[in-house]
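> Next come a sequence and a model predicted from it.
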Amino acid sequence: GTMRADIDAIVRAPQAAFGGRADVVATDAGWAHKNGPLLDVDEATFDKVYAINVKSIFHMIHAVVPVMRAQKSGTIINIGSTAGIRPRPGLTWYNSSKGAVNLLSKSLAVDLAPDGLEHVFLADSGSVSVEVAMKMALQWHLAAGRRRTRFFTIRGGYHGDTFSPMSVTDMPLTIISMIW
C-alpha cells in the first residue's frame, strides 16, 4: 500500500484494541543517506530521506489529529535526532530532515494548542527516545487516573539502541504485550 494507507491502518488498529481512542502517538521514523559529499546524494535518495523522516509525520498527523480533536485530548511525541540541532559532516540532507522534524514539532504545538491539544513534544535523541516516550505515556495515564498495561507497537520495529541495556522505562517486558 501507500505510506498514507499504511499509517491509517496503524492508527485504526490500536483504536480498535483500546476502545476507539488515540491518546498518544510517537513518530520515530528515520533513515540516513550514506555519509559523504552533499553533491553525491542523488534526487531519489534525497526524496527517500524526506519521505521517511518528514513526510511520514505529515501522514501521521493527518491520520491522528482528527481523532484527537474529536476526543479533545491527545499527546504527540515526535522523535528527531541530535543531527537536527548539531549537524554531522557528510550528512547534510539527513541533518536538514531532522531539523525539519524539530521545527515541525514546535509549529504543531502552536497550531494545535487552540484545539486543546497542548501536548506536542520533541525528543531530539532517537537512540533513547522510544523508551522515554513510553515512560512519559505511562506516567501521563497514571497521573490521569487511568491504568494502562499494554503498548501497541510494530513487530520488528526498531526501539532504540538502549532498550535492553538502559531500560529507562522501569517496566517489565510483559507490559509490552500487544505486538502487531
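Alright, I've got the coordinates.
> and the nearest residue to residue 97 once chain neighbours are set aside, what is it in contact with?
The shortest distance from residue 97 to any residue other than its chain neighbours is 3.9 Å, reached at residue 53 (CB to CB, 6 or more residues apart in numbering). Using the backbone N, CA and C atoms, a C-beta is placed for each residue, glycine as well. By CB atoms under 8 Å, 6 or more residues apart in numbering, residue 53 lies in contact with 29, 30, 31, 94, 97, 98, 100, 101.
> Just the buried subset of those residues, written out for PyMOL, thanks.
To isolate the buried subset of the contacts of residue 53 in PyMOL, counting by 16 or more other CB atoms under 10 Å, use the following:
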select buried, resi 29+30+94+97+98+100+101
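> quick one: which two of the contacts of residue 53 are the most distant?
Pairwise distances across these (CB to CB) peak at 13.7 Å, for the pair 31 and 100.
> Now for residue 147: which residues touch it?
residue 141.
> Please report how far it lies from residue 116.
Taking CB to CB, to the nearest Å as the measure, residue 147 and residue 116 are separated by 23 Å.
> Read off the pLDDT value for the residue nearest to residue 97.
If you check residue 53, the pLDDT there is 93.
> now the helices for this protein?
In the chain, the helices defined using DSSP state H lie at 3-17, 43-50, 56-71, 92-112, 129-143.
> Is it possible to get TSV of those helices that adds distance to residue 24 and mean pLDDT?
Listed next are the helices of the chain as TSV, based on distance: least, CB to CB, whole Å; pLDDT from 0 to 100:
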stretch	distance to residue 24	mean pLDDT
helix 3-17	10	86
helix 43-50	25	97
helix 56-71	10	93
helix 92-112	14	93
helix 129-143	4	72
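> Ok, which of these comes nearest residue 36?
Nearest of those to residue 36, taken as CB to CB: helix 92-112 at 9.7 Å.
> Which residues are in contact with the residue nearest to the spatial centre of the chain?
The centre of the chain sits closest to residue 27, judged by CA atoms, centre = their mean, with a distance of 1.2 Å. Shown in contact with residue 27 (CB under 8 Å, 6+ apart): 56, 57, 60, 76, 77, 78, 79.
> The second one reaches residue 98, doesn't it?
No. Under the criterion of CB atoms under 8 Å, residue 57 lies out of contact with residue 98, with a separation of 11.3 Å.
> I'd like the distance between residue 11 and residue 39.
Distance from residue 11 to residue 39, by CB to CB: 38 Å.
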